[in-house]
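Student: Here is my input, please return the structure:
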Amino acid sequence: MKKDINDTSQFSMNIIRKGTESFYLKRLLQIKLMILMFILLKGILQKKL
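Tutor: Residues are numbered from 1 along each chain as shown. Just a heads-up that it's a prediction; the model follows:
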């Protein structure tokens, strides 16, 4: 019985870890996109000046 509980907690920990990893990856992608947009906008503005 104890082994089942241990497996279940390990399983849920893996799910939580995967969820947080994908969440952080999405956040990183969003931040990278924002930085790229910022650089592009800066370049466009500098060309106009």
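Student: When you work out contacts or count neighbours from here on, use the C-alpha atoms and nothing else.
Tutor: Noted.
Student: distance of Lys48 from Leu36?
Tutor: Going from Lys48 to Leu36 by C-alpha to C-alpha, to the nearest Å gives 19 Å.
Student: let me redo that: Ile44
Tutor: 12 Å.
Student: about what we covered before: when Lys48 and Leu36 are compared, which one has more neighbours?
Tutor: Ranked by neighbour count (other C-alpha atoms under 10 Å), Lys48 and Leu36 place Leu36 first, with 12 against 7.
Student: Next one: the more buried one, what pLDDT does it get?
Tutor: Leu36 is assigned 97 on the pLDDT scale.
Student: Point out where this structure drops to low pLDDT.
Tutor: The chain contains residues with pLDDT under 70 at 1.
Student: Report the distance from the helix or strand harbouring Thr20 to the chain centre.
Tutor: Here Thr20 is covered by helix 2-48, with elements defined by DSSP states H and E. Its chain's C-alpha centre and that of helix 2-48 lie 0 Å apart, by C-alpha atoms, centre = their mean, to the nearest Å.
Student: Quickly note the distance from Met34 to Ser12.
Tutor: Look at Met34 and Ser12: by C-alpha to C-alpha, they are 33 Å apart.
Student: hang on, I meant Leu29
Tutor: From Leu29 to Ser12 the distance is 26 Å (C-alpha to C-alpha).
Student: burial count for Gly19?
Tutor: If we define neighbours as other C-alpha under 10 Å, then Gly19 has 12 of them.
Student: repeat for Asp4
Tutor: Neighbours of Asp4 using other C-alpha under 10 Å come to 9.
Student: What separation do you get for Leu41 and Lys48?
Tutor: Relative to Lys48, and taking C-alpha to C-alpha, Leu41 is found at 11 Å.
Student: Let me fix that, I meant to ask about Asn14.
Tutor: 51 Å.
Student: again with Asn6
Tutor: 63 Å.
Student: Next: Ser9.
Tutor: 58 Å.
Student: do the same with Ser12
Tutor: Distance from Ser12 to Lys48, counting by C-alpha to C-alpha: 54 Å.
Student: ditto for Ile15
Tutor: Note on Ile15: its distance to Lys48, by C-alpha to C-alpha, is 50 Å.
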